[in-house]
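# Structure for this input, please:
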Amino acid sequence: MKVYRVGGTEVVLLKGDITEVEAGAIVNAANPYLEHRGGVAAAIVRKGGAVIQDESREWVRRYGPVPVGGVAVTSAGRLKARYVIHAVGPVYGDPEGDAKLASTVRNCLAKAEELGLESVALPAISTGVYGYPPARAAEVFAEVLRSYGYTKLRRVLVVLYTDDIYRTFEEVFDRVLGGT
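Below is the predicted model of the structure:
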């Protein structure tokens, strides 16, 4: 675990399982139709319960697919968090991918603030099946986390599942956010 300060907000880099994190919300790296069949999404539904998938389907039925960069919110079922923020990141190779990934991360933070939360946990959005190189994603995350205008959020956790991705994010965060 490593802690960075951005104004009055802690940015915590953590290796672990996002479904075990205590935060106001955890972020799910989702697809536009909020079908949680693999990766982080499947783990969240397995641990939190079918209510998360049920609410996701209802969200899509009401509002349509979530656009790239967009977010949707459901309850968190049996998870330690109160909410799950489902975020749709870009597929690597999109010419506007970095801007879309930055928008996704900003929208997660903004939704957490809108919900009145003091903490949110994010995975490495788009680095799984969407193919984003972890080093490039880390650069985008770090820049957004450094420049975001926090109002309510006091703690942002970036939860990474593997040692390799953790080390990649740590190297970039140390450079961009300054290690402590």
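# And the strands in the chain, which stretches?
2-6, 9-15, 25-29, 71-75, 83-87, 119-122, 155-160 (DSSP state E).
# May I have the fourth one exported as PDB, CA atoms only?
Once non-C-alpha atoms are left out, strand 71-75 reads as follows in PDB (Å, rounded to 0.1, in the frame of the first residue of the first chain):
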ATOM      1  CA  VAL A  71     -21.300   5.600 -15.300                       C
ATOM      2  CA  ALA A  72     -24.300   3.900 -13.800                       C
ATOM      3  CA  VAL A  73     -25.000   3.200 -10.100                       C
ATOM      4  CA  THR A  74     -26.500   0.300  -8.300                       C
ATOM      5  CA  SER A  75     -26.600  -0.900  -4.700                       C
END
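# now the angle between strand 25-29 and that strand, please.
Here strand 71-75 runs at an angle of 130 degrees relative to strand 25-29 (axes from the mean of the first three to the mean of the last three CA atoms, to 10 degrees).
# What strands line up against strand 71-75, and which way round?
Partners of strand 71-75 in the sheet, by DSSP bridges, are strand 83-87 (antiparallel).
# Report the mean per-residue pLDDT for the partner strand.
Strand 83-87 shows an average pLDDT of 98 in the prediction.
# Give me the contact list for that strand.
24-30, 34, 41, 44, 48, 52, 56, 59, 66, 70-76, 104-105, 107-108, 111-112, 115, 117, 120, 122, 125 (CB atoms under 8 Å, 6 or more residues apart in numbering). All C-beta atoms are positioned from the backbone trio N, CA, C, and that covers glycine.
# hmm, back to that, and among the strands of the chain, the most buried is which?
Among those, strand 25-29 has the highest mean neighbour count (mean count of other CB atoms under 10 Å), at a mean of 28.
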